[in-house]
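Undergrad: here is a sequence with its predicted model. Questions after.
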Amino acid sequence: MTRHFQHEIEKLKVRILALAALVEKSVRNAVTALAERDTEMAQVVIGEDREIDLVEVDIEEECQKILALHQPVAHDLRFIIAVLKINAELERIGDAAVSIAEQICYWVNEGHTDVSYDFESMAKKAQAMLHNSLDALVNFNAQTAFEVIAEDDKVDEIYGDVHRFVRRGVQSAPHQSGGFIHLLAISRHIERIADHASNIAEVVIYLVEGRIIRHRAKDAMKQDTFGNGSQS
């Protein structure tokens, strides 16, 4: 690895971690706005999305430049591919945070706050999945990544609970259906954050072990638990 190439890789690491910090902040603010019914905080989340988008594009262009100029192979190539994938997942998480913020504004401004659901458990699990997937990236820790993937089912279960809550609410109070629909949309976006965090964890496993476990993550997790996973 040439000194210039090494410098480019290190710069890329800094950029992807900076984007991760921006996205974590956006999700944290969206969850706070939801808990406190704070439309001003929600507007902050919406307003800061442009910065996330610009950084995401900049990182993608940097990856393309490195691929064209240095033609990396082996682990270096895997790293560039992983950054491209994680970059896209982080941008989508930022979009989900914005969608939550927009739903909060509709929910509050349309006077639907008498219809509510306790999203604390779901939001905390999704936030933890995001944080831990990024921690796995920083530390090249496949075990933490597998643990993130395992948590996704728990978020899905809560999402199912919200579906049932909304269905019962619409049936019993159809005049409040607008509020219930906003709650369902919020839960969907939280669930998507968890999905994207799980996707990041899968990419970390690819980066560390060279295994593509997309669509078979749970089987790979069992394999890892019994010590049969391959390393590279």
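TA: Okay, I see it.

Undergrad: quick check: phi and psi on Ile81?
TA: Phi and psi for Ile81, reported as degrees, to the nearest 10, are phi -60, psi -40.

Undergrad: wait, what's in contact with it?
TA: Residues in contact with Ile81 (C-beta atoms under 8 Å, 6 or more residues apart in numbering) are Tyr206. To be clear about C-beta, it is placed using only N, CA and C from the backbone, and glycine gets the same treatment.

Undergrad: how about 10 Å then?
TA: By C-beta atoms under 10 Å, 6 or more residues apart in numbering, Ile81 lies in contact with 63, 67, 72, 203, 206-207.

Undergrad: now Phe140: closest residue in space, sequence neighbours ignored.
TA: Spatial nearest neighbour of Phe140, chain neighbours left out: Val208 (5.2 Å); criterion: C-beta to C-beta, 6 or more residues apart in numbering.

Undergrad: pretty sure that neighbour is touching Glu202, no?
TA: No: in this structure Val208 lies outside contact range of Glu202 using C-beta atoms under 10 Å: 11.1 Å.

Undergrad: quick check: neighbours shared by the two?
TA: By C-beta under 10 Å, 6+ apart, the residues touching both Val208 and Glu202 are Ala145.

Undergrad: those two: who's more crowded?
TA: Glu202 (24 against 21; other C-beta atoms under 10 Å).

Undergrad: re the thing from before, quick check, nearest of the contacts of Ile81 to His112?
TA: Comparing the contacts of Ile81 against His112 with C-beta to C-beta places Val203 closest, at 37.5 Å.

Undergrad: so which elements touch whichever helix or strand the closest one is part of?
TA: Using DSSP states H and E, Val203 sits in helix 177-209. Counting contacts by 3 or more C-beta pairs under 10 Å, 6 or more residues apart in numbering; DSSP states H and E, helix 177-209 packs against helix 3-36, helix 74-109, helix 120-139, helix 142-172, helix 217-225.

Undergrad: nearest to Ile190, out of these?
TA: helix 120-139 (5.1 Å).

Undergrad: ok and the closest one relative to helix 74-109, angle-wise?
TA: Inter-element angle recorded for helix 120-139 and helix 74-109: 160 degrees (by axes from the mean of the first three to the mean of the last three C-alpha atoms, to 10 degrees).

Undergrad: can you dump the C-alpha atoms of helix 120-139 in PDB for me?
TA: Extracted in PDB, the C-alpha atoms of helix 120-139 (Å, rounded to 0.1, in the frame of the first residue of the first chain):
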ATOM      1  CA  GLU A 120     -39.900   4.100  24.000                       C
ATOM      2  CA  SER A 121     -39.000   0.400  23.900                       C
ATOM      3  CA  MET A 122     -39.100   0.200  20.100                       C
ATOM      4  CA  ALA A 123     -37.100   3.400  19.600                       C
ATOM      5  CA  LYS A 124     -34.500   2.500  22.200                       C
ATOM      6  CA  LYS A 125     -33.900  -0.900  20.600                       C
ATOM      7  CA  ALA A 126     -33.600   0.600  17.100                       C
ATOM      8  CA  GLN A 127     -31.200   3.200  18.400                       C
ATOM      9  CA  ALA A 128     -29.100   0.600  20.200                       C
ATOM     10  CA  MET A 129     -29.000  -1.500  17.000                       C
ATOM     11  CA  LEU A 130     -27.700   1.500  15.100                       C
ATOM     12  CA  HIS A 131     -25.100   2.400  17.700                       C
ATOM     13  CA  ASN A 132     -23.900  -1.200  18.100                       C
ATOM     14  CA  SER A 133     -23.700  -1.800  14.300                       C
ATOM     15  CA  LEU A 134     -21.400   1.300  14.100                       C
ATOM     16  CA  ASP A 135     -19.400   0.200  17.100                       C
ATOM     17  CA  ALA A 136     -18.900  -3.100  15.300                       C
ATOM     18  CA  LEU A 137     -17.600  -1.200  12.200                       C
ATOM     19  CA  VAL A 138     -15.200   0.900  14.300                       C
ATOM     20  CA  ASN A 139     -13.800  -2.200  16.100                       C
END
